[in-house]
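> I'd like to go over a predicted model; first the sequence, then the structure.
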Amino acid sequence: MSEPEIVRTIDAEQLAQSAASRLAKLIVSAETEGRDFHLVLTGGGVGIRTLAALRDEALACGMKWSHVHLWWGDERFLPEGDPERNETQAREALIADIDIPAHQVHPMPSSDGTDHAEAERAATTYSQALAVAARGKGPVPEFDVCLLGLGPDAHVASLFPGLPGVHEDEAAVVAVHDSPKPPPTRISLTLCAIGTARQVWVLAAGESKAEAVRLGLSDASVDRAPVAGARGAERTVFWLDQAASAQL
Ligand SMILES: O=C(O)[C@H](O)[C@@H](O)[C@H](O)[C@H](O)COP(=O)(O)O
């Protein structure tokens, strides 16, 4: 696990633009090196703003997307096309405006039924899609960058303090019930899946995240602060605006 680095920005907009700029450079480098780039997206305000900034960068520099695969770190388990789904918001902010092959966009399943077990089946389906993409080299493909928004309670993806998904150490994807952040049912990568990413980027802006950031950079337990367990295999970067870094 890599020691976290901190990048401070003035505000959320500069955070989104700075992270998008570095991400664009990594995507272009991968294309130059002739290899795929697997990017894990996050929901939330800062995460979606970062995707919109990435779109702007991509359009400005004519970025190619034929080598890029998009995955999700979590999903609000809602019907297809629901405006609250992370996929819907990512399509509006980025995907609709870039030339990425449709089969390289890997959304988490939507909820089109009502039974409780549907979320578990959706988690299994996504685990299977990840394993297929890994081509026998492991449970998930080699994620280049995993983007994570940060909740004021120190949750990342849909791994919330005190809920069982935080401690899952085998499955790559779990169903989440009783989420304190609506909607109550979600699908999430686990910390062990997140930790396989070469780089994990935590995106946090605003004073409401300052305590969560402090905990995330401390030796707090993952049960108290799931973000404390979000570390990349090679690099971990906390992208923070001034307000979110106020307790450091
Ligand atoms: O589904 C979600 O809501 C996100 O995946 C979640 O993990 C989000 O990133 C954080 O809650 C931060 O959200 P804000 O940036 O909007 O505070």
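Yep, that arrived.

> show me the contacts for the residue lying closest to residue 214 once chain neighbours are set aside.
Nearest residue to residue 214, sequence neighbours excluded (Cβ to Cβ, 6 or more residues apart in numbering): residue 247, at 4.2 Å. C-beta coordinates here come from the backbone N, C-alpha and C atoms, glycine included. Neighbouring residues of residue 247 by Cβ atoms under 8 Å, 6 or more residues apart in numbering: 210-211, 213-214.

> confidence score at residue 247?
At residue 247, the pLDDT value in this model is 97.

> so where do the helices sit in the protein?
Here the chain has its helices, by DSSP state H, at 12-32, 45-61, 86-93, 117-134, 191-194, 210-216.

> residue of the chain nearest the ligand, please.
residue 149 (2.1 Å; Cβ to the nearest ligand atom).

> not counting sequence-adjacent ones, nearest residue to that residue?
residue 44 (3.2 Å).

> hmm, back to that, so what's the backbone phi/psi at the residue nearest to residue 214?
Torsion angles at residue 247 (phi, psi; degrees, to the nearest 10) stand at phi -100, psi 10.

> any idea how far it is from residue 11?
Look at residue 247 and residue 11: by Cβ to Cβ, to the nearest Å, they are 17 Å apart.

> one more: residue 3?
From residue 3 to residue 11 the distance is 26 Å (Cβ to Cβ).

> do residue 189 as well
28 Å.

> could you do residue 46 as well?
The value you get for residue 46 to residue 11, if Cβ to Cβ is used, is 11 Å.

> near the residue lying closest to residue 178 once chain neighbours are set aside, how many other residues are there?
Distances taken as Cβ to Cβ, 6+ apart put residue 184 closest to residue 178, at 5.6 Å, once the chain neighbours are dropped. Neighbour count of residue 184, defined by other Cβ atoms under 10 Å: 12.

> pretty sure residue 184 contacts residue 160?
No. Using Cβ atoms under 8 Å, residue 184 makes no contact with residue 160, being 10.8 Å away.

> still on that earlier bit, the residue nearest to residue 149 contacts residue 155, correct?
No. Residue 44 is beyond contact range of residue 155, at 10.1 Å (criterion: Cβ under 8 Å).
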